[in-house]
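**Student:** here is a sequence together with a model predicted from it:
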Amino acid sequence: MFHIFTGKIIELEDKNIYLKNDLFGIQVTYRWTRQEGEFFLYPHFDQTNNTITYAAFESIDQKQIFLKILKISGIGMKTASLIAYEDVEDIRQAIDENNLNFFKQIPGIGPKTAKRLIIELKSTISKSDIESLQNDNKTVKKIVKSLGNLGFNKWDITDALKTYKWSIDESNLEVIIKYVLGKIK
């Protein structure tokens with residue numbers, strides 16, 4: 001089974017999504033925008049069909065939130081994936097505000113499951129988990145996009161950001177960019 005895979009995302013005419021490299025490809029569930037690079041996979045063995053299904057994530061943090069959601073009774077791989085694909089800040093806000101409608105808009109989640117999700121996630125996802133996942137979202141995407149537009153390699157930028165030991169947020173954007181540029185030159 002695979003847990004990390006480097007390759008490209010392709011969608012074929014059959015509407016299935018595959019993660020492919022020069023040697024082979026695997027079918028995955030994937031809803032983000034990055035089209036190539038390193039992906040973190042969750043292999044799930046489907047005993048009914050005797051197959052392995054994979055969920056693909058852009059970061060280890062996204063995979064970790066998926067795994068926390070998957071531990072909730074009555075939540076399967078497909079539903080956990082759909083929730084994990086949502087913006088982390090939106091998930092946090094929905095939990096904080098007891099927003100049942102946020103979870104009910106996800107296919108397969110009704111009112112009872114939405115309530116259970118909020119209760120379970122309040123005790124499962126700590127504030128530090130949310131903060132680390134937020135680091136990986138908005139500000140990081142802005143930095144990667146901005147420096148990528150200037151001709152720098154996205155993967156070099158991402159690797160440099162992984163070594164940054166302090167909080168990644170808008171307030172210290174200039175410091176972060178200088179740090180990244182120092183690492184990738």
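**Tutor:** Nice, I can see it.

**Student:** elements contacting whichever strand or helix holds residue 43?
**Tutor:** Residue 43 is part of strand 36-46 when elements are defined by DSSP states H and E. Other elements packing on strand 36-46 under the criterion 3 or more CB pairs under 8 Å, 6 or more residues apart in numbering; DSSP states H and E are strand 4-11, strand 51-57, helix 60-70, helix 154-162. C-beta: built from backbone N, CA, C; applies to glycine.

**Student:** again, 6 Å this time
**Tutor:** When contacts are defined as 3 or more CB pairs under 6 Å, 6 or more residues apart in numbering; DSSP states H and E, strand 36-46 packs onto strand 4-11, strand 51-57.

**Student:** partners of the helix or strand following the first one in the sheet?
**Tutor:** Using DSSP H and E, the helix or strand that directly follows strand 4-11 along the chain is strand 17-20. Each strand paired with strand 17-20, and its direction, by DSSP bridges: strand 4-11 (antiparallel), strand 25-29 (antiparallel).

**Student:** flag every buried residue along stretch 84-96.
**Tutor:** By 16 or more other CB atoms under 10 Å, the buried positions in stretch 84-96 come out as 84, 85, 86, 88, 91, 92, 94, 95.

**Student:** how close does residue 184 get to residue 178?
**Tutor:** 11 Å (CB to CB, to the nearest Å).

**Student:** please read the previous query as pertaining to residue 87.
**Tutor:** Taken as CB to CB, the span from residue 87 to residue 178 is 27 Å.

**Student:** cool, residue 105 as well?
**Tutor:** Distance from residue 105 to residue 178, by CB to CB: 40 Å.

**Student:** can you check residue 101 too?
**Tutor:** Look at residue 101 and residue 178: by CB to CB, they are 42 Å apart.

**Student:** tell me where the model's unsure across this structure.
**Tutor:** For the chain, the stretches with pLDDT under 70 are 123-137.
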